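Trainee: got a sequence here, can you model it:
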Amino acid sequence: MKINQEEIEHIYNEHSRRLYFASLRILGNREEAEDVMQDTILKVCTDGSSSKVENLGAYLTRCCINKSLDLLRKRQSLKNYQTEIISARSQEEDGIDENVQDTCPIVEKIIELISRLPRKCRQIVTLKLIEGFDYQEIAQITSMNESSIRSRYMRGRQSLAELMKKEGIHERF
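Mentor: The predicted structure follows:
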């Protein structure tokens, strides 16, 4: 089933911002994140898969994350990954979008602490706390079952709480 121009524009307007920032957090590069976001939307719209999925937002996010990770693997070693994420976050905070209000220092610190979590937990915690997805959507994005998602989230949240305590941050979440 071919998708028309209006539907593509609607999908772009509804999902592009979230996809861009998800990719930017992984890649740390504005231009690459923009390319991945656009490629994701075009691929999903032109291959007809957008009409076959229950939750288009979760499906697009999963595709975008996978494309970003593939690009990251090609571009750099895993050793530099955390440095790139921290760099991407500082670029976001430096005003990628003037409409986004400044992040308070405690949130900046929490985002930096999340980047220290083990990779398996970091992805789940980021999708839950930062992106705001529920467990079912995260399961669709990651192709994992919900019980594994919940378990990793709880471990990641506990690790994050310990890191926050070490840093003197006493916020509840």
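Trainee: quick check: end-to-end length of stretch 128-148?
Mentor: The first residue of stretch 128-148 is 14 Å away from its last residue (Cα to Cα, to the nearest Å).
Trainee: so what pLDDT did residue 71 get?
Mentor: If you check residue 71, the pLDDT there is 80.
Trainee: nope, residue 140 is what I meant
Mentor: Per the predicted model, pLDDT is 81 at residue 140.
Trainee: show me the contacts for the spatially most central residue of the chain.
Mentor: Among the residues of the chain, the one closest to the centroid is residue 22, at 3.2 Å (Cα atoms, centre = their mean). Residue 22 makes contact with 61, 64-65, 68, 131 under the criterion Cβ atoms under 8 Å, 6 or more residues apart in numbering. C-beta here means a position set from N, CA and C on the backbone, and glycine is covered the same way.
Trainee: now it: how far from residue 165?
Mentor: From residue 22 across to residue 165, the span is 28 Å (Cβ to Cβ, to the nearest Å).
Trainee: residue 25 too?
Mentor: 25 Å.
Trainee: tell me where this structure has helices.
Mentor: 5-27, 30-46, 56-75, 81-93, 105-114, 119-125, 135-142, 146-167 (DSSP state H).
Trainee: could you tell me the least trusted of those?
Mentor: Across the helices of the chain, helix 81-93 gives the lowest mean pLDDT, at a mean of 53.
Trainee: which of the contacts of residue 22 count as buried?
Mentor: Buried subset of those (neighbour count, 16 or more other Cβ atoms under 10 Å): 61, 64-65, 68.
Trainee: quick check: the two most widely separated of those residues?
Mentor: Maximum pairwise distance in the buried ones among the contacts of residue 22, criterion Cβ to Cβ, is 10.3 Å, between 61 and 68.
Trainee: turn the buried ones among the contacts of residue 22 into CSV, including distance to residue 54.
Mentor: As requested, those are exported to CSV (distance: Cβ to Cβ, whole Å):
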residue, distance to residue 54
61, 13
64, 17
65, 18
68, 23
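Trainee: quick check, nearest of those to residue 42?
Mentor: residue 64 (11.7 Å).
Trainee: how near is the closest one to residue 136?
Mentor: Taken as Cβ to Cβ, the span from residue 64 to residue 136 is 18 Å.
Trainee: off-centre distance for stretch 150-166?
Mentor: Distance of stretch 150-166 from the chain centroid (Cα atoms, centre = their mean, to the nearest Å) equals 18 Å.
Trainee: mind listing what's buried in that stretch?
Mentor: 152-153, 155-157, 159-161, 163-164.
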